[in-house]
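Peer 1: heads up, no residue letters with this:
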């Protein structure tokens, strides 16, 4: 990140080490992520996107599930919610419906969002709920010690598949598109600029938006699969990635060592949940319809 | 006020006849428009499926504690199946009210007074078969003399959508009138051991 | 403060318990509900779905009970008074999020219209067999409030009370209906809005720089904020310090878990909701709750007619359990008779509180209908002997 070109509308403390400090809870540093882990890189991109989108940070809320990526909510200096395993999306749904002026971002891992939380993901996408979902895909359950995830590529070794994973993996981009997402993109932690740009785009786009970020887990995925460290992962991402914006998501399945198709695959306009719901009520109830006033805070 | 301390009523028929609404009207008349107490419960689930429908209403001058009907004082049936199933539970000396074209009774249980009304036909005369339940309610009001007719009429008015009020009130009056004529006839001619109905008499 | 008249359907109605409960939520100020269909509870949200678009609020049918029970918590942190409704298997699925609400101190209401269990059990018939689950169903130590209405009128009144207690103590409140009460239709009087007291949320008056999300007030309950107001607060289901940050050490755990239970102490005795009668001279006391309390009342009337000095102790707030009041009675009565539509759940609490000072007689019932009052009467007669 080229700091000299940033226009930062926030006061950076004189003793700051990094221009993203105003976005983070520095009192909680150091974070828990391992050396070489990519989650911090994605957070850096996210702060950059917040900056570039000129969002009012008081009106941005971040919701995480459980896992390594689930800890992002705890480090972001935003209204932040670290919920239960797999349920960040329905929590975010309630938050957004109660307080539509909030920009609600779900930030969680592949196991959280697509195994235990998979059903919530497809229904939020179907509804085109106006929330932004960032999935850091490290292809493994990392927090709990490297068990198989629905994203773990076939033949990979995990702590619960010591002889190699036999199951096919989920193609998250295809799943998101099929379920109805308005926006679908995939990047790796090598593609920091593109990732930050995608994140900025979704912060300015209505409807259900999904960004998948491939991110290394040197401790539990790469080590067990003899794939080197964080730097080796970067080299692999650089060499194997192919930018194909608009690629049919059905052609974007990931494998253990094969090509990684990245890019913005879907960017379409669909009426979101609020628009659909409101139109239906207005049509059937006419003047009897009352706009939702959900907050119980009478003075606010 | 209600006439009796406690009256247990069961209304039964098949789905679509408006059994539950009839029960709700009777309960509402007692509890809201006549200053008494009423508890209505209805059968749900497997026993309410397969086309049958049944509701229980308890009317009382005092707060009702036990919520279910154990032995009905009054049984209103609108299908043969409902009659077969519930008639044995009727209290000795109780009242049986039936849709006479839909229920055939071979032998009336001992001590039971049985009243018949062609509610479906009367409803059809109003142009809508669906209000047979309210015709039955009117007939019930006349022959049981348990509730004030005005209270029940108010309950009908309060229980149906605005567009359906006129039709339902007509249905109620039709059933009430039919029942009143029957009661007048009985007062003149004395009781009978068969089903008490205008048509058989005629 | 008074209820917002927009949600209050003032008048005299003939409603079943589920519908009355829904009117209670609206009168209490709930403007958000999330649900998933399950018999015999669905009527509560069916009515809410019909009513809320003209009152001004949100109902969403979620994809399962896990989603419904956490969507309401998202709504709570967005500033809403919110609830969900379920029964049987759905209640089991909600357990994790009851724990989350307790841990994060999110005021919300879970309505459970109890049916026969275990598993799919008796979907359309009553039971009271989730009483222990309501208290202990989520993992870990925490406290909740549970209320047991015995009529449609109480389904309305106590639902408002439930929302008020949820706000005051910042806990999830369990409305423990049963199929019989939920599907029973009776007269329900809904007063004018200015006669309904509604407890406002404990929003902090402190500016963001001074605010600490889990700093308890004198009553051990912390004040609250909502998202979007510039507090940039953090909420986690992990053990957390007063700042709301994860702090996984023995001291923080001890302080937090103790406080989550201790803050409910005022409700255990002094403020517990009970309905009593004829206790002054009683030698046998029937302890009951929910629909069973009405059946028990019939048995009590018959017992008094027979000259037996029988008294009524009807539990309305089952959790926290009113142990002090039972303990006090245990010193001067011969026996407690405890009928319930389960194989003996709250009777364990009565036994614990009585501590051997009075006989405790359980009248279990596996559910599907209510007790025969004669069975309760027989137990009273035998206990008095």
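Peer 2: Now that the structure is in, tell me what you want to look at. This structure is a prediction, so every number in the text was calculated from the model and none was measured.
Peer 1: Run a quick neighbour tally on residue A:116.
Peer 2: The number of residues packed near residue A:116 is 18, by other C-beta atoms under 10 Å in any protein chain shown. Any C-beta I mention is one placed from the backbone N, CA and C, and that applies to glycine too.
Peer 1: repeat for residue A:27
Peer 2: By other C-beta under 10 Å, 8 other residues sit near residue A:27.
Peer 1: how close does it get to residue A:168?
Peer 2: 44 Å (C-beta to C-beta, to the nearest Å).
Peer 1: What of residue A:79?
Peer 2: Going from residue A:79 to residue A:168 by C-beta to C-beta gives 38 Å.
Peer 1: These two: who's more crowded?
Peer 2: Between residue A:79 and residue A:168, counting by other C-beta under 10 Å, residue A:79 is the more crowded of the two (30 against 10).
Peer 1: For that one, give me its contacts.
Peer 2: A:58, A:60, A:61, A:62, A:102, C:77, C:227, C:228, C:231, C:232, C:233 (C-beta atoms under 8 Å, 6 or more residues apart in numbering or on different chains).
Peer 1: Next step: these restricted to helices.
Peer 2: Residues of these located in helices (DSSP state H): residue C:77.
Peer 1: buried set for the helix or strand of chain C with the lowest mean pLDDT?
Peer 2: Within chain C, no helix or strand scores below helix C:265-268, which has a mean of 92 by mean pLDDT, DSSP states H and E. Neighbour counts over helix C:265-268 (16 or more other C-beta atoms under 10 Å in any protein chain shown) mark C:267, C:268 as buried.
Peer 1: before we move on, what about stretch A:264-275?
Peer 2: Residues of stretch A:264-275 classed as buried by neighbour count (16+ other C-beta under 10 Å): A:264, A:265, A:266, A:267, A:272, A:273, A:274.
Peer 1: one step back: dump the contacts of residue A:79 to JSON lines, plus distance to residue C:304 and pLDDT.
Peer 2: Output for those, formatted as JSON lines (distance: C-beta to C-beta, whole Å; pLDDT from 0 to 100):
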{"residue": "A:58", "distance to residue C:304": "64", "pLDDT": "96"}
{"residue": "A:60", "distance to residue C:304": "65", "pLDDT": "98"}
{"residue": "A:61", "distance to residue C:304": "59", "pLDDT": "98"}
{"residue": "A:62", "distance to residue C:304": "62", "pLDDT": "98"}
{"residue": "A:102", "distance to residue C:304": "60", "pLDDT": "98"}
{"residue": "C:77", "distance to residue C:304": "51", "pLDDT": "98"}
{"residue": "C:227", "distance to residue C:304": "56", "pLDDT": "98"}
{"residue": "C:228", "distance to residue C:304": "59", "pLDDT": "97"}
{"residue": "C:231", "distance to residue C:304": "58", "pLDDT": "97"}
{"residue": "C:232", "distance to residue C:304": "62", "pLDDT": "97"}
{"residue": "C:233", "distance to residue C:304": "57", "pLDDT": "98"}
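Peer 1: Just put the contacts of residue A:79 in TSV and tack on neighbour count.
Peer 2: Below are the contacts of residue A:79 laid out as TSV (neighbours: other C-beta atoms under 10 Å in any protein chain shown):
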residue	neighbour count
A:58	16
A:60	23
A:61	27
A:62	28
A:102	23
C:77	27
C:227	30
C:228	24
C:231	19
C:232	19
C:233	23
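Peer 1: Now render the contacts of residue A:79 as JSON lines, adding distance to residue A:158.
Peer 2: Supplementary listing: those in JSON lines, determined by distance: C-beta to C-beta, whole Å:
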{"residue": "A:58", "distance to residue A:158": "41"}
{"residue": "A:60", "distance to residue A:158": "35"}
{"residue": "A:61", "distance to residue A:158": "33"}
{"residue": "A:62", "distance to residue A:158": "28"}
{"residue": "A:102", "distance to residue A:158": "37"}
{"residue": "C:77", "distance to residue A:158": "35"}
{"residue": "C:227", "distance to residue A:158": "37"}
{"residue": "C:228", "distance to residue A:158": "40"}
{"residue": "C:231", "distance to residue A:158": "40"}
{"residue": "C:232", "distance to residue A:158": "37"}
{"residue": "C:233", "distance to residue A:158": "36"}
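Peer 1: just the contacts of residue A:79 now: which is nearest residue C:283?
Peer 2: Among those, residue C:77 lies closest to residue C:283 (C-beta to C-beta), at 51.6 Å.
Peer 1: And stretch A:275-288, what's buried?
Peer 2: By neighbour count on 16+ other C-beta under 10 Å, the buried set for stretch A:275-288 is A:277, A:281.
Peer 1: which SS class is the residue nearest to the spatial centre of chain C?
Peer 2: Of all residues in chain C, the one closest to the mean position by C-alpha atoms, centre = their mean is residue C:146, 2.5 Å from it. Assigned state for residue C:146: strand (three-state reduction, DSSP: H, G, I helix; E, B strand; the rest coil).
Peer 1: Tell me who's in contact with it.
Peer 2: Residue C:146 touches C:131, C:134, C:135, C:173, C:174, C:175, C:176, C:317, C:318, C:319, counting by C-beta under 8 Å, 6+ apart.
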